[in-house]
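Participant: Fold the following.
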Amino acid sequence: MWGKTGSGTRSLFMFADRRSALGFWLGSGVVTAGVLLHLPMFWMARNMGFVLAGMPMDPGMILGMALIVSGIAAAGYGLLPRAVKSNEPFIAIAPPEDAPLTAAHWMLMAVLSVALIIDIMKPASLGFVTPGMRSEYAIGKATVAMLPFCALVGTAVGSFVWGALADIYGRRATILLSSVMFIGTSICGAMPSFWWNLVMCFLMGAAAGGMLPVTYALLAELMPTRHRSWCLVLVGGVGAVGGYLASSGLSALLQPLFGWRIMWFLNLPTGLILIALSPFIPESARFLEMMGRIGEARSVLARFGVSLTRSTETIEKDAAEDHTPLPPVDHGFLGTTVALTLAALAWGFVNFGVLLWLPATLVAEGRSAGAASALIAKSALFAVPTVALVTWLYSAWSTKWSLVLMIAMTVLGLAALLLRASGGDPLVPVALLIVGSTGVISILLPYAAENYPLRVRGRATGWVAGCSKVGGLIAQGLGALALVPALGLAAAIVAVPALVSLALIAWFGRETRGRDLRELESP
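Facilitator: Here you go, the predicted model:
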């Protein structure tokens, strides 16, 4: 179970010592037990169509909540990083930038794709549970609209917080802790009050919101340079498409049998899947080096086909003989940050505002609800090939100009929507919007992860991810206040920040295709 690797003991389950492993696995078990204590109440309602509205919480549920809180605390304690002072010689530029793609890389991509599919399932499930909620709690559209609003607030907060934590506690630790919290939010499916659902939905969003940016940060630091670009976009695209397909498929399969609440209880098995796959998620070698855990960093690099055997003298000799310095990098990130922030805000407004308001607009123009839905579905068919296209463009052509191209396509869709006469065919503008927005979100976070140095990569990527949710919150807030603008006006408004972001990326954006991320660390 335990063995020596470098500067300390190391378990087969990827923990630095027994205390860390015990804290994490014990905490995960306690959280799981807390969720299981909520299942009897859910199952007792099976003869009533799994309706729990108005029922009092039994002692088991209250105990379960206490166990979940204490279990998360124990798991978090086990995941605290250990800074180690090491005198072992280490090549500071050695993480696997030039290594070939190995089986370990493919396994990491597969595991993180599964993580993103599970992560994206939750916000995608909101549309499938709200009809059942409205019926059970006897609430109106305006009230139930608070559910996606709270979820978006949670994901925005989660993106900001988890991104920062990733730079302090490590990429792997934040992914695992968010998975444990994700399991705990399963009890949303047993809440007898709609207002408890709002609280739990916020917490669920907060737990899931950081998975995406931290995943990109980890991938950016472990993928070889020549494969990094397409790996980042492909994993993100598979996660996005797979998450929506999984949520819709499971909803169609399970809701007729167990009601809408089962969609929340799915957090338990899916969260446990992430925990079970945790041995295949290593910590970033760069982060380990920064923490002084050189032995563990060497172990991670060896796992990905990189062997570090040269002595300090050899390194110094090589450095003296190599007269080709790394290209200088401008460390003024303000222009890039403003550009990516505006692009994220515009995407959020389009995805959670314009595209959601479109069906109601089409119905108001005289189309049937079925025809409006069919039009959106037909346009959405472009999303899958778009992921393949942007993966190729991002890796084979240009990272910077691929993002510019997708933003430009989104702007074209907004312009076409603005110029469309009432009652005109919306297929072209909708298709442009779906292709553009799918391309933007597939590229935006990978590009952000490749533009910032190690010390701020997690929080920078988390910032961009959070801003994409803030754009959605602005749109949802307008809806909640009954201030939804006409579709053409909304398109004109959001086109402005989109155009500004396009210009700023064209001016300040760096080309990251084939670029060694070690350059970002150079003084």
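Participant: Ala346: what's it in contact with?
Facilitator: Contacts for Ala346 (Cβ atoms under 8 Å, 6 or more residues apart in numbering) come out as 407, 410, 471, 494, 497-498, 501. C-beta here means a position set from N, CA and C on the backbone, and glycine is covered the same way.
Participant: What is the most widely separated pair among those?
Facilitator: Farthest apart among the contacts of Ala346 by Cβ to Cβ are Ile407 and Gly471. That separation is 13.4 Å.
Participant: Give me the below-cutoff pLDDT ranges for the stretch 201-350 of the chain.
Facilitator: 306-332 (pLDDT under 70).
Participant: from the contacts of Ala346, which is closest to Pro453?
Facilitator: Nearest to Pro453 among the contacts of Ala346 is Ser501, at 22.0 Å by Cβ to Cβ.
Participant: buried sites along the helix or strand encompassing that closest one?
Facilitator: Assigned by DSSP states H and E, Ser501 belongs to helix 487-508. Residues of helix 487-508 classed as buried by neighbour count (16 or more other Cβ atoms under 10 Å): 487-488, 490-491, 493-495, 497-499, 501-502, 504-505, 508.
Participant: What of stretch 443-459?
Facilitator: By neighbour count on 16+ other Cβ under 10 Å, the buried set for stretch 443-459 is 443-454, 456-459.
Participant: Just give the closest residue to Tyr216, not the sequence neighbours.
Facilitator: Among residues not flanking Tyr216 along the chain, Ala449 sits closest, at 4.1 Å (Cβ to Cβ, 6 or more residues apart in numbering).
Participant: measure the one you found to Ile273 for me?
Facilitator: Note on Ala449: its distance to Ile273, by Cβ to Cβ, to the nearest Å, is 24 Å.
Participant: in the stretch 151-300 of the chain, which spans are helices?
Facilitator: 171-184, 194-209, 211-222, 225-258, 262-265, 267-276, 285-290, 294-303 (DSSP state H, counting those that start in this stretch).
Participant: low pLDDT regions in the stretch 51-200 of the chain?
Facilitator: Looking at the stretch 51-200 of the chain by pLDDT under 70, you get 82-99.
Participant: any chance you could map the strands in the stretch 251-400 of the chain?
Facilitator: Counting by DSSP state E, counting those that start in this stretch, one finds no strands in the stretch 251-400 of the chain.
Participant: Can you give me the domain assignment for the protein?
Facilitator: By the assignment in automatic domain parsing, the chain contains the domains 10-50+58-80+104-281, 334-521.
Participant: Including distance to Arg293, could those domains go into JSON lines?
Facilitator: As requested, the domains of the chain are exported to JSON lines (distance: least, Cβ to Cβ, whole Å):
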{"stretch": "domain 10-50+58-80+104-281", "distance to Arg293": "7"}
{"stretch": "domain 334-521", "distance to Arg293": "14"}
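Participant: closest to Met290 out of those?
Facilitator: domain 334-521 (6.7 Å).
Participant: and the closest residue to Met146 other than its chain neighbours, how many neighbours does it have?
Facilitator: Nearest-residue entry for Met146: Leu198, 6.0 Å, with adjacent residues in sequence omitted and distances by Cβ to Cβ, 6+ apart. Burial measure for Leu198: 20 neighbouring residues, criterion other Cβ atoms under 10 Å.
Participant: swap in the one 4 residues further on?
Facilitator: Residue crowding around Phe202 was assessed by other Cβ under 10 Å; the count is 21.
Participant: ok, it to Val153 distance?
Facilitator: Remark: distance between Phe202 and Val153 (Cβ to Cβ) = 6 Å.
Participant: residues touching Pro56, list them.
Facilitator: Pro192.
Participant: one more time with 10 Å
Facilitator: For Pro56, the contact set (Cβ atoms under 10 Å, 6 or more residues apart in numbering) comprises 41, 192.
Participant: Convert the C-alpha atoms of stretch 281-291 to PDB, please.
Facilitator: Provided in PDB are the C-alpha atoms of stretch 281-291 (Å, rounded to 0.1, in the frame of the first residue of the first chain):
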ATOM      1  CA  ILE A 281      -5.900  12.100 -11.500                       C
ATOM      2  CA  PRO A 282      -2.300  13.200 -10.600                       C
ATOM      3  CA  GLU A 283      -1.300  16.500  -9.200                       C
ATOM      4  CA  SER A 284       0.500  19.000 -11.500                       C
ATOM      5  CA  ALA A 285       4.200  18.400 -11.400                       C
ATOM      6  CA  ARG A 286       4.700  22.200 -11.600                       C
ATOM      7  CA  PHE A 287       2.600  22.700  -8.500                       C
ATOM      8  CA  LEU A 288       4.400  20.000  -6.600                       C
ATOM      9  CA  GLU A 289       7.800  21.500  -7.500                       C
ATOM     10  CA  MET A 290       6.500  24.900  -6.300                       C
ATOM     11  CA  MET A 291       5.500  23.300  -3.000                       C
END
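Participant: before we move on, the earlier item: go through the buried residues of stretch 443-459 and say which is closest to Ile294.
Facilitator: Leu454 (15.5 Å).
Participant: Next, count neighbours for the closest residue to Leu219 other than its chain neighbours.
Facilitator: Among residues not flanking Leu219 along the chain, Leu232 sits closest, at 5.5 Å (Cβ to Cβ, 6+ apart). Applying other Cβ under 10 Å, we find 28 residues neighbouring Leu232.
Participant: Could you verify my assumption that Leu232 touches Glu450?
Facilitator: Yes - using Cβ atoms under 10 Å, Leu232 is in contact with Glu450, at 7.5 Å.
Participant: what sits in contact with each of these two?
Facilitator: The contact sets of Leu232 and Glu450 overlap at 216, 220, 399, 512 (Cβ under 10 Å, 6+ apart).
Participant: Buried ones among these?
Facilitator: 216, 220, 399, 512.
Participant: Distance to Pro56 added to the residues you listed, as CSV?
Facilitator: What follows is those, written out as CSV (distance: Cβ to Cβ, whole Å):
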residue, distance to Pro56
Tyr216, 44
Ala220, 49
Thr399, 55
Thr512, 56
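Participant: wait, isn't Ala475 in contact with Leu356?
Facilitator: Yes - the pair Ala475 and Leu356 passes the contact test of Cβ under 10 Å, sitting 7.4 Å apart.
Participant: how close does the nearest residue to Gly348 once chain neighbours are set aside sit to Met263?
Facilitator: The shortest distance from Gly348 to any non-neighbouring residue, by Cβ to Cβ, 6+ apart, is to Gly471 (2.3 Å). Between Gly471 and Met263 the computed distance is 25 Å (Cβ to Cβ).
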